[in-house]
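Student: need coordinates for the following:
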Amino acid sequence: MKAIVTTLLAIALFAAPKATQASGNEGDTVVIELNNKSKIVIYTADKEALKDMEQYDINKMIQDLNSALGSKKIEKVELQDKDGNKYMKDTTLVFGDGEAKSRIKIGNLELLVDADDWDELEDEFDDDDIPVRRYDYEENKIDRTRHFFNVDIGMNNWLDGGEFPDAEGQPYTVKPWGSWYFALNSVNRTWVSGPLFLDWGFGFSWYNWKMEDPNIAIVKGPDNIEFVDARIANPDFSGVKSRLTAPYVNVQMVPMLDFAKGRRRIKNLERGSVSFRTYKKQGIRFGVGGYVGYRIGGNTKLVFREDGEKQKDKTKGNYYLENLRYGIRAQVGYKGLDLFATYDLNNVFAGDRGPVGSQDMNAITVGITL
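Tutor: Below you'll find the model as predicted:
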């Protein structure tokens with residue numbers, strides 16, 4: 001992989017395990033060869049300037065340079081001396097040719113490919129002499145806005161008048177395990193000040209409410225949604241699964257307090273022009289905000305056995321589902337684990353179209369974010 005490192009203090013990668021002083025004006029260049037892979041080249045105007053370098057923390061410098069090199073993109077690095085004073089503010093590190101040509105990111109996983117074409121990539125994998133590099137580092141800066149994709153996976157239920165329906169043994173009682181909530185989100189995290197960030201973006205979500213009693217058929221009646229025991233009309237009916245699905249497109253905005261200030265621990269596995277990275281968030285973070293969604297479909301699915309044969313009945317429809325959803329979203333995370341909870345402030349069903357005898361029915365979800 002190509003690399004160019006331009007700094008006022010040049011650290012170059014060469015071979016030859018020895019120490020020397022370069023020719024030219026006496027004292028203007030000092031070369032310290034450390035091992036068979038690296039050496040330090042120091043350019044100074046005179047011996048006094050060289051003596052002044054005693055105040056600088058070379059270890060800190062090399063650590064920061066390693067972090068910048070690991071990022072595989074142009075970085076601005078502010079190194080510091082032993083007293084914490086900044087210096088070399090105009091230092092620019094250029095590693096590789098800039099941003100990767102191909103980037104695939106899912107949650108905290110990222111694959112980067114910097115090859116010009118497939119033939120170049122194929123040649124690399126055929127070359128056994130290309131080493132595999134493993135290294136990790138912690139980000140040392142905060143981006144004003146960082147974009148990422150994440151996936152929400154959780155369990156759904158609904159509250160009927162503030163209580164779960166199973167408290168009254170209602171036919172629309174939901175089985176939490178199997179009532180999956182799934183969402184794909186495009187999120188921006190904008191740094192506001194200090195530990196305060198703002199998560200905002202849009203995504204697609206799917207509510208799935210699975211009935212506790214698999215014999216319950218969900219039917220759109222003339223005035224209300226109905227939850228009917230199918231065995232009443234057909235004694236040979238044996239339910240396997242019954243569920244109601246409602247997809248939405250959503251926008252959300254959640255203020256977050258991130259006490260690690262957005263920094264992440266990055267592990268990198270690299271071979272040639274291919275890099276595989278994992279990101280681990282640091283510290284504790286939490287926030288509460290809101291969301292708005294618009295329904296883009298709906299369907300029911302009934303799986304059952306009749307006369308010994310397994311059958312499926314999937315029917316599309318609005319089922320009196322409310323077109324608009326809005327509510328409160330809470331998020332909390334620690335290092336690599338993020339949890340969320342959502343609560344719809346409006347009813348699942350439009351107007352008074354909910355099950356007969358029901359009160360306000362509000363959707364509730366808890367889960368994890370990947």
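Student: Provide a list of residues in contact with residue 191.
Tutor: By Cβ atoms under 8 Å, 6 or more residues apart in numbering, residue 191 lies in contact with 142-145, 197, 261-262. Every C-beta, even on glycine, is put in place using the N, C-alpha and C of the backbone.
Student: and it, bridged to which residues?
Tutor: Residues in a beta bridge with residue 191, per DSSP bridges, are residue 197.
Student: what's the longest strand in the chain?
Tutor: strand 238-258 (DSSP state E).
Student: the strands in the stretch 251-370 of the chain, which residues?
Tutor: For the stretch 251-370 of the chain, the strands defined by DSSP state E, counting those that start in this stretch cover 264-271, 274-281, 284-295, 299-306, 309-316, 324-334, 337-344, 361-369.
Student: got a pLDDT number for residue 29?
Tutor: As predicted, residue 29 sits at a pLDDT of 62.
Student: ChimeraX command for the buried members of the contacts of residue 191?
Tutor: Here is the ChimeraX selection string for the buried members of the contacts of residue 191, based on 16 or more other Cβ atoms under 10 Å:
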select :197,261,262
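Student: which two of the contacts of residue 191 have the greatest separation?
Tutor: Of all pairs drawn from these, the greatest distance, 14.1 Å, lies between 145 and 261 (Cβ to Cβ).
Student: on that earlier part again, which one of the strands of the stretch 251-370 of the chain lies nearest to residue 219?
Tutor: strand 299-306 (8.2 Å).
Student: other residues contacting that closest one?
Tutor: Residues outside strand 299-306 that contact it (Cβ under 8 Å, 6+ apart) are 214-215, 217-218, 230, 234, 236-245, 310-317, 319.
Student: what lines up beside that strand in the sheet?
Tutor: Here strand 299-306 has these sheet partners by DSSP bridges: strand 238-258 (antiparallel), strand 309-316 (antiparallel).
Student: would you turn those into CSV with mean pLDDT and distance to residue 135?
Tutor: Formatted as CSV, the strands paired with strand 299-306 follow (pLDDT from 0 to 100; distance: least, Cβ to Cβ, whole Å):
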stretch, mean pLDDT, distance to residue 135
strand 238-258, 94, 25
strand 309-316, 90, 50
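Student: dump those strands to a markdown table, plus distance to residue 340 and mean neighbour count.
Tutor: Shown next, in a markdown table, are the strands paired with strand 299-306 (distance: least, Cβ to Cβ, whole Å; neighbours: other Cβ atoms under 10 Å):
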| stretch | distance to residue 340 | mean neighbour count |
| --- | --- | --- |
| strand 238-258 | 9 | 19 |
| strand 309-316 | 29 | 11 |
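Student: let me have those strands in a markdown table, extended by distance to residue 206.
Tutor: Listed next are these as a markdown table, based on distance: least, Cβ to Cβ, whole Å:
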| stretch | distance to residue 206 |
| --- | --- |
| strand 238-258 | 5 |
| strand 309-316 | 14 |
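Student: any idea which of those gets closest to residue 282?
Tutor: Each of the strands paired with strand 299-306 was scored for nearness to residue 282 using Cβ to Cβ, and the closest is strand 238-258 (8.8 Å).
Student: what angle do the closest one and strand 284-295 make?
Tutor: With axes from the mean of the first three to the mean of the last three Cα atoms, to 10 degrees as the basis, strand 238-258 and strand 284-295 are set at 130 degrees to each other.
Student: what are the C-alpha coordinates of stretch 348-355, in CSV please?
Tutor: Taking C-alpha atoms only, stretch 348-355 is exported to CSV below (Å, rounded to 0.1, in the frame of the first residue of the first chain):
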residue,chain,number,x,y,z
VAL,A,348,-52.1,2.0,17.2
PHE,A,349,-55.6,2.0,15.6
ALA,A,350,-57.3,5.1,14.1
GLY,A,351,-60.0,6.8,16.0
ASP,A,352,-62.3,4.3,17.8
ARG,A,353,-61.5,1.5,15.3
GLY,A,354,-59.6,-0.6,17.9
PRO,A,355,-61.0,-3.8,19.3
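Student: for that stretch, buried residues please.
Tutor: Buried-residue list, stretch 348-355, by 16+ other Cβ under 10 Å: 348-350, 353-355.
Student: with stretch 328-335 instead?
Tutor: By 16+ other Cβ under 10 Å, the buried positions in stretch 328-335 come out as 329, 331, 333.
Student: residues making contact with it?
Tutor: Stretch 328-335 has contacts (Cβ under 8 Å, 6+ apart) with 199, 252, 254, 256, 280-291, 338-343, 345, 369.
Student: can you list the weak-confidence ranges in the stretch 101-250 of the chain?
Tutor: 101-108, 115-122, 124-125, 137-141 (pLDDT under 70).
Student: can you give me the strands for it?
Tutor: 102-106, 109-113, 132-138, 145-160, 180-193, 196-210, 216-220, 225-229, 238-258.
Student: for the fourth one, buried residues please.
Tutor: In terms of neighbour count (16+ other Cβ under 10 Å), strand 145-160 has its buried residues at 148, 150, 152, 154-160.
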